[in-house]
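K.L.:
I'd like to go over a predicted model; first the sequence, then the structure.
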Amino acid sequence: MSNTESYPPEFRPLMSESTEPEITVEHLNKSKDIQIPVINLERLDMEKLKEACKDWGIFHLENTGIPSTLMSQVKEVTESLLNLPFEEKRKMFGVNSPLSYYWSTQMVSPSGNALKRDPEKSGAHLFEGINVPLASLSRLLPHSRCSDPKLESFRVVMEEYGRHISRIVVTLFEAIADTLSLEISGDRKMSYLSESTGLVRVQRYPRCTESPGLEAHTDSSVISIINEDEVGGLEFMKDGEWFKATPLANSFVINLGDMMQVLSDDEYKSVLHKVGKIMKKKERYSIIYFVFPDKECMFESSRYKTFKFSEYEAQVKLDIENHGSKIGLSRFLNTP
Ligand SMILES: O=C(O)CCC(=O)C(=O)O
Ligand SMILES: [Fe+2]
């Protein structure tokens, strides 16, 4: 485990010592292990993709053409940034930074702003992360202003990673749209996959047997692309039951988000997911790329009222502030 200093002070008493053996007591987590579908991006099987979207809402994506050296660099720069002392991160990603640092009792709005939550309402969830709006990488952190070498390495690697992921997103989105027989024009397509709203989030979950990582939620995105390490811990709901998604090396986990559910007119579901207790020897890292639509992008469907993505975001923000958690699509149903 990395140095305790790098964690928020309120996490420290709750974290397990690295000298303790791996915890395998089954009753600590009742979710069953399961292998989610595996989709090969280079040789797309459209039937399999449709089934994965319809029956699961979550799947592994392999053969994405990202060089393995870049994948290792992404892991390296993420770990090195999150391993900085807590106070340093707080200062570095404070009010004037385009990146935001958040942990546990905060929740993040779809646009990436950290929202304060009432810990009484949300319970103890041990995660911390840094939000990196994609646009900020090139616009707001030019080489000359990026004085910290760790931040500069992070910027360079993430820019390269972002380019690859954008390519993967377009291919995957077009394929998913095909499985729904949706005809989406070039401009419209790009407003669903807007780079100006795209967000990379790097997260870390300490090893802990008492508190879970991240509470159950759906993503407000079109799709989310999770790059997780071998520790595992991601859980999702299928047919009313919680399952653990077993990690698969050299692949991403793809989650369908709320906006994909609307686009598919509810044929595909935005998957409910969470991160359970991290009981392995190591803490867990994940790097998530959220594909968000343009703020002005309109969503029309038979099940939901017509809305603009910014209206959806505003509602989510309001619900988190007022109720402690997101309510989501049910707020926008045509018939209450
Ligand atoms: O860390 C993960 O694997 C998932 C995180 C997640 O679901 C989120 O940040 O929305
Ligand atoms: Fe999520």
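P.N.:
All right, it came through fine. Ligands and ions are numbered 1, 2, ... in the order given.
K.L.:
for the stretch 51-200 of the chain, just list every one of the strands.
P.N.:
58-62, 100-103, 106-108, 114-116, 128-133, 199-205 (DSSP state E, counting those that start in this stretch).
K.L.:
who wins for proximity to residue 260 among the ones you listed?
P.N.:
Residue 260 sits nearest to strand 58-62 of all the strands of the stretch 51-200 of the chain, at 11.7 Å, using CB to CB. Backbone N, C-alpha and C define where each C-beta goes, glycine included.
K.L.:
so which elements touch that closest one?
P.N.:
strand 38-40, strand 251-256 (3 or more CB pairs under 8 Å, 6 or more residues apart in numbering; DSSP states H and E).
K.L.:
could you list the buried residues of that strand?
P.N.:
The neighbour-count check on strand 58-62 (16 or more other CB atoms under 10 Å) flags 58-61 as buried.
K.L.:
that one vs strand 251-256, what angle?
P.N.:
For strand 58-62 and strand 251-256, the angle between their directions (axes from the mean of the first three to the mean of the last three CA atoms, to 10 degrees) works out to 140 degrees.
K.L.:
adding mean pLDDT, write the strands of the stretch 51-200 of the chain out as JSON lines.
P.N.:
Shown next, in JSON lines, are the strands of the stretch 51-200 of the chain (pLDDT from 0 to 100):
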{"stretch": "strand 58-62", "mean pLDDT": "98"}
{"stretch": "strand 100-103", "mean pLDDT": "86"}
{"stretch": "strand 106-108", "mean pLDDT": "59"}
{"stretch": "strand 114-116", "mean pLDDT": "58"}
{"stretch": "strand 128-133", "mean pLDDT": "90"}
{"stretch": "strand 199-205", "mean pLDDT": "93"}
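K.L.:
about what we covered before: just put the buried residues of strand 58-62 in a markdown table and tack on distance to ligand 1.
P.N.:
Formatted as a markdown table, the buried residues of strand 58-62 follow (distance: CB to the nearest ligand atom, whole Å):
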| residue | distance to ligand 1 |
| --- | --- |
| 58 | 11 |
| 59 | 14 |
| 60 | 13 |
| 61 | 14 |
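K.L.:
what residues sit buried inside stretch 206-218?
P.N.:
Neighbour count says stretch 206-218 has 206-208, 211-215, 217-218 buried, by 16+ other CB under 10 Å.
K.L.:
tell me if it is near ligand 1.
P.N.:
Yes: counting by CB under 6 Å from any ligand atom, ligand 1 is contacted by stretch 206-218 at residue 214.
K.L.:
contacts for that stretch, please.
P.N.:
1, 7, 11, 14-16, 18, 23, 28, 122-127, 203, 205, 233, 237, 257-258, 270-284, 325-326, 328-329 (CB atoms under 8 Å, 6 or more residues apart in numbering).
K.L.:
just the buried residues of those residues.
P.N.:
Buried, going by 16+ other CB under 10 Å: 7, 11, 15-16, 23, 122, 125-127, 203, 205, 233, 237, 257-258, 270-280, 283-284, 325-326, 328-329, out of the contacts of stretch 206-218.
K.L.:
residues in contact with the spatially closest residue to residue 296 that is not a sequence neighbour?
P.N.:
Excluding the flanking residues, the one nearest residue 296 by CB to CB, 6 or more residues apart in numbering is residue 308, at 6.1 Å. Contact analysis of residue 308 by CB under 8 Å, 6+ apart lists 295-299.
K.L.:
is residue 46 in contact with residue 179, as I believe?
P.N.:
Yes: Residue 46 is within contact range of residue 179, at 5.9 Å (criterion: CB atoms under 8 Å).
K.L.:
tell me which of those two has more neighbours.
P.N.:
residue 179 (20 against 12; other CB atoms under 10 Å).
K.L.:
and that one, what's its pLDDT?
P.N.:
In this prediction, residue 179 carries a pLDDT score of 98.
K.L.:
how about residue 270?
P.N.:
96.
K.L.:
might you report the residue contacts of it?
P.N.:
Residue 270 neighbours (CB under 8 Å, 6+ apart): 57, 218-219, 255-258, 260-261, 328-329.
K.L.:
ok, which pair from the buried residues of strand 58-62 is furthest apart?
P.N.:
58 and 61 (10.6 Å).
K.L.:
hey, which helix or strand in this protein has the poorest pLDDT?
P.N.:
Within the chain, no helix or strand scores below helix 119-122, which has a mean of 54 by mean pLDDT, DSSP states H and E.
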